[in-house]
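>>> I'll drop the sequence and a predicted model, then ask my questions.
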Amino acid sequence: MGDGNQQLLGRVAIAAKLITVEQLNEAVRKHGERNDGVRLGDLMVQLGMLTQPQLEQVLAMQRSVMEKAAAKRASAHRSDPAPGAEPEKGPAPLAQVRLAKVPAQEATSTRPAPERQARTAAEPAAAAAERPQAAKAPGKKARPAAGRAGAQLDDLLREAVAAGASDIHIHGGAPIKLRGCGKIYDHGSAPLSEDEARALVYQSLGEADRAAFEEHGEHDYCHEIEGVGRFRANAYRQLRGTDAVFRHIPAQPPSLEELGLPSSLAKLTSYHQGLVLLTGPMSCGKSSTMAALVNLVNEERADHIITIEDPIEYVHTSKRCVVNQRSVKRHTESFARALRASLREDPDVIVIGELRDRETIGLALTAAETGHLVLASLHTGSAIRTVNRVIGAFPPEQQEQVRAMLSESLRAVVSQRLLPRMDEQGVVPALEIMMVNFAVSSLIRDSKTVQIHSVLQTGAAQGQSLLDDALAELVKSRTVSSEDALLHCEDPKKIPQYRSRETV
């Protein structure tokens with residue numbers, strides 16, 4: 001069986017929901033390490049990913065897919081224009097593309113009929129089998145992907161990333177919108193109709209994602225484009241139809257330097273137990289900072305890292321560490337369930353995408369107390385609010401115990417903001433950093449968190465930093481404007497009042 005056919009077998013197995021993408025990647029890696037001629041399908045059986053009857057089922061589906069692909073190629077060959085005929089025109093610019101409408105019965109059905117479900121599972125694999133042969137046809141111009149609308153969405157996302165956009169908004173009744181440097185602007189396309197917006201959104205939904213979206217009316221998932229990266233996506237229904245927002249996640253985890261973060265944050269990865277919290281509002285770069293820290297651990301330590309995310313954003317390949325990434329609702333029922341199970345999975349570092357509820361916060365504190373380094377994010381605005389939020393998540397009768405646990409296990413809180421640069425060359429982070437020393441620990445234990453502000457204000461030598469001080473420095477260096485800094489500060493008196501275009 002050739003490499004292409006073996007890859008097709010893997011894709012068919014994923015479409016049939018018999019294995020996951022992670023299992024396929026593991027099987028392909030192990031298959032490449034062996035030289036005994038074993039077939040990929042047989043190796044999956046040996047690894048326990050498939051049973052023998054399941055493998056035979058997948059092989060039968062693969063044969064069906066290949067036969068359909070061959071029939072399509074033969075049909076396309078018969079319909080090729082005669083020599084000398086005018087060649088087909090290439091695809092129109094994205095702003096001019098009119099999308100094929102999704103049939104109403106497929107777009108609105110809450111449960112796909114069995115025959116449509118089987119067709120949905122087989123079509124992506126058939127398209128994948130068809131593309132390589134079409135690309136290799138000698139002397140023949142590649143046809144535009146008319147009727148295969150997925151290529152249109154991927155082209156749109158590629159174009160947006162190349163233009164420096166961080167988010168892509170698809171809305172029915174409005175033009176496509178992009179976000180760059182923190183601001184939303186028009187992509188330049190005509191307004192999308194409700195059907196066109198729905199068609200674009202449905203291109204990114206696999207069978208399982210589509211079923212979840214149709215059942216609940218909103219769905220978090222990831223869409224991946226080779227060579228571009230992953231896109232954290234949320235599809236949702238609203239008054240004008242079906243909308244979605246795609247956030248670009250680069251293929252490789254960033255470094256602290258690439259993010260413009262101080263190298264002193266690398267110290268956070270040196271702890272072997274305790275809790276490190278990355279906080280801030282939405283879209284402030286918490287996920288990227290977390291990914292940079294996890295990548296540092298992966299490169300510098302020989303440990304077991306378990307990440308629990310919803311959905312998985314940055315993909316971490318195992319380097320010096322063994323890295324296992326779990327997605328809520330796809331690989332596990334909830335953050336709390338995965339956290340509880342992780343304590344029996346021999347982890348050294350546990351990464352939690354978000355502390356959403358009391359149970360998850362309690363389990364994170366327990367894991368930090370029992371000899372694990374826990375990295376987690378929280379939607380709070382400052383270090384003091386973070387401490388109060390963690391304690392306040394519990395009923396009054398438990399808060400004294402939680403205070404004691406937090407004072408012993410908390411190692412650092414990093415509160416982050418992203419501000420547009422004055423030179424319009426991207427964004428720059430501003431940080432509030434609280435390193436938990438004896439003074440901070442005592443204030444947490446004694447319920448005197450309001451006094452932590454003074455410790456941060458006077459503790460620069462110990463790595464402490466207030467957000468207002470960081471904002472003031474960015475304004476003084478003419479990196480960000482006073483107006484933007486004032487949107488995030490606690491005390492406006494600390495921010496120098498320069499006009500945006502004034503020269504110091």
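Cool, got the structure.
>>> in which helix or strand would I find the residue positioned nearest the centre of the chain?
Geometric centre of the chain, nearest residue: E313, 2.4 Å, by CA atoms, centre = their mean. For E313, there is no host helix or strand (DSSP states H and E).
>>> what's across from the nearest residue to it once chain neighbours are set aside in the sheet?
Residue nearest to E313 in three dimensions, not counting chain neighbours: I249, with 4.8 Å by CB to CB, 6 or more residues apart in numbering. (Glycine included, C-beta is placed from N, CA and C.) Counting by DSSP bridges, I249 forms beta bridges with R230.
>>> OK, contacts around I249?
Applying CB atoms under 8 Å, 6 or more residues apart in numbering to I249 gives the contacts 222, 229-232, 287, 313-314.
>>> Going by distance to G381, which of those residues wins?
Ranked by distance to G381 (CB to CB), the contacts of I249 are led by S287 at 17.3 Å.
>>> and the closest one, how many neighbours?
Per other CB atoms under 10 Å, the neighbour tally for S287 reads 19.
>>> next one: the one 3 residues further on
Around M290 there are 24 other residues, counting by other CB under 10 Å.
>>> Local confidence estimate at it?
Among the per-residue scores, M290 holds a pLDDT of 96.
>>> what's the closest non-adjacent residue to it?
Spatial nearest neighbour of M290, excluding adjacent residues (CB to CB, 6+ apart): L278 at 5.6 Å.
>>> Shouldn't the one you found be within a strand?
Yes. Assessed by DSSP: H, G, I helix; E, B strand; the rest coil, L278 belongs to a strand.
>>> And it, what's its pLDDT?
97.
>>> where's it relative to S287, distance?
Distance, L278 to S287, by CB to CB, to the nearest Å: 9 Å.
>>> list residues touching both of the two?
Applying CB under 8 Å, 6+ apart, one finds that L278 and S287 are jointly contacted by S377.
>>> rewinding a little: so the residue nearest to M290 bridges to which residues?
S377, V414.
>>> Now K177. Nearest residue, chain neighbours left out?
The shortest distance from K177 to any non-neighbouring residue, by CB to CB, 6+ apart, is to H169 (4.0 Å).
>>> what about the helix or strand hosting L471, average pLDDT?
In this assignment (DSSP H and E), L471 forms part of helix 467-476. Across helix 467-476, pLDDT averages out at 95.
>>> Toward the C-terminus, what is the element adjacent to it?
If you walk from helix 467-476 toward the C-terminus, the next helix or strand you reach (DSSP H and E) is helix 482-486.
>>> in the helix holding L471, what's buried?
Neighbour-count burial for helix 467-476 flags 467-472, 474-475 (criterion: 16 or more other CB atoms under 10 Å).
>>> what about the chain, any weak spots by pLDDT?
Low-confidence segments of the chain (pLDDT under 70): 1-7, 17, 35, 72-151, 498-504.
>>> repeat that for 50
Within the chain, the ranges that satisfy pLDDT under 50 run 83-151, 501-504.
>>> can you count the residues close to D243?
Look at D243: counted by other CB under 10 Å, it has 24 neighbours.
>>> Could you give the bridge partners of it?
Counting by DSSP bridges, D243 forms beta bridges with Y236.
>>> Settle this for me: it is touching G172, isn't it.
Yes. At 6.3 Å, D243 counts as touching G172 under the criterion of CB atoms under 8 Å.
>>> returning to what we had before: so who does the residue nearest to M290 touch?
286, 289-290, 375-378, 414, 416.
>>> Equivalent analysis for A165, please.
Neighbour list for A165: 178-180, 248 [criterion: CB under 8 Å, 6+ apart].
>>> G362 is in contact with L355, correct?
No. Using CB under 8 Å, L355 is not in contact with G362; the gap is 9.8 Å.
>>> Which one's more surrounded, the two?
Using other CB under 10 Å as the criterion, L355 and G362 rank with L355 on top: 27 against 19.
>>> Residues contacting stretch 284-296, please?
Against stretch 284-296 from outside (CB under 8 Å, 6+ apart): 249, 253-256, 258-259, 261, 265-266, 268-269, 276, 278-280, 305, 307, 313-314, 316, 323, 349, 351, 353, 375, 377, 414, 416-418, 427, 429.
>>> are any of the residues you listed buried, and which?
Going by neighbour count (16+ other CB under 10 Å), these have 249, 253-254, 256, 259, 261, 265-266, 268-269, 276, 278-280, 305, 307, 313-314, 316, 323, 349, 351, 353, 375, 377, 414, 416-418, 427, 429 buried.
>>> buried sites along the longest helix along the chain?
For the chain, the longest helix by residue count, based on DSSP state H, is helix 52-78. Buried residues in helix 52-78, defined by neighbour count with 16+ other CB under 10 Å: 54-55, 57-59, 61-62, 65-66, 68-69, 72.
>>> How many residues are close by T458?
Using other CB under 10 Å, T458 is surrounded by 11 other residues.
>>> That one and L466, how far apart?
From T458 across to L466, the span is 10 Å (CB to CB).
>>> is it true that K177 touches H171?
Yes. At 7.0 Å, K177 counts as touching H171 under the criterion of CB under 8 Å.
>>> any idea how far G37 lies from R29?
According to CB to CB, G37 and R29 sit 17 Å apart.
>>> Am I right that R232 sits in a strand?
Yes. With three-state DSSP as the criterion, R232 is part of a strand.
>>> which SSE is the closest residue to it other than its chain neighbours in?
Excluding the flanking residues, the one nearest R232 by CB to CB, 6+ apart is R247, at 4.6 Å. Element membership of R247, judged by DSSP H and E, is strand 241-249.
>>> Alpha carbons of that strand, as CSV, please.
What follows is strand 241-249, C-alpha atoms only, in CSV (Å, rounded to 0.1, in the frame of the first residue of the first chain):
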residue,chain,number,x,y,z
GLY,A,241,-28.3,33.7,10.5
THR,A,242,-25.1,31.7,11.1
ASP,A,243,-21.9,33.5,12.0
ALA,A,244,-18.4,32.6,13.1
VAL,A,245,-15.2,34.1,14.4
PHE,A,246,-11.8,32.6,13.6
ARG,A,247,-8.7,33.5,15.6
HIS,A,248,-5.3,32.6,14.1
ILE,A,249,-3.0,30.4,16.1
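>>> Give me the distance between the residue nearest to R232 and I184.
R247 is 13 Å from I184, by CB to CB.
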